[in-house]
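> only the shape, not the letters, is given here:
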């Protein structure tokens with residue numbers, strides 16, 4: 001006799017595994033805020049690394065300005081030190097991003113994705129060091145790790 005189909009044990013095991021996946025995995029897939037928070041954290045990390053590398057490559061100051069939910073990068077127009085502030089100073093211009101879009105700005109996708117406390121702006125000098133010469137730290141609300149810029153080297157990590 002040649003029978004086809006599944007046994008009762010096989011059907012129960014498939015239903016059990018599907019139930020476990022539904023309980024554990026699906027809520028993570030549908031929580032958009034967690035996804036947006038992690039994305040913003042990673043984009044800020046990448047922007048800071050890009051700012052440091054650009055400062056070294058161009059031998060110019062790159063200013064990093066923050067709002068509660070965005071980061072904007074500007075670069076000095078001359079090798080002399082740039083004046084950093086919330087607006088683009090007369091001795092700096094918007095920094096183009098890796099794709100060529102200008103200004104290079106990273107923003108939270110929703111109003112709930114923001115920094116725990118708005119970080120103070122700083123700049124990377126031509127050696128890639130942050131100025132003022134102090135360790136910079138920023139935390140995105142809901143993200144597990146904070147972003148740190150080391151004092152002496154400018155190394156950006158989480």
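Perfect, I can see it now. All values derive from a computational prediction rather than experimental measurement.
> burial count for the closest residue to residue 149 other than its chain neighbours?
Spatially, and ignoring its direct neighbours in sequence, residue 149 is nearest to residue 136 (3.9 Å; C-beta to C-beta, 6 or more residues apart in numbering). Where you see a C-beta, it was placed from the backbone N, CA and C, and this is true even at glycine. By other C-beta atoms under 10 Å, the residues close to residue 136 number 19.
> residue 136 and residue 119 touch, don't they?
Yes: with contacts counted by C-beta atoms under 8 Å, residue 136 reaches residue 119, the gap being 6.9 Å.
> poorly predicted segments of the protein, please.
1, 82, 85-91 (pLDDT under 70).
> quick one, helices of it?
Listed in chain order, the helices of the chain (DSSP state H) span 8-24, 26-30, 32-58.
> can you add mean neighbour count and give those helices back as TSV?
Converted to TSV, the helices of the chain look like this (neighbours: other C-beta atoms under 10 Å):
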stretch	mean neighbour count
helix 8-24	10
helix 26-30	9
helix 32-58	18
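> okay if I get these as CSV plus distance to residue 100?
Shown next, in CSV, are the helices of the chain (distance: least, C-beta to C-beta, whole Å):
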stretch, distance to residue 100
helix 8-24, 42
helix 26-30, 33
helix 32-58, 13
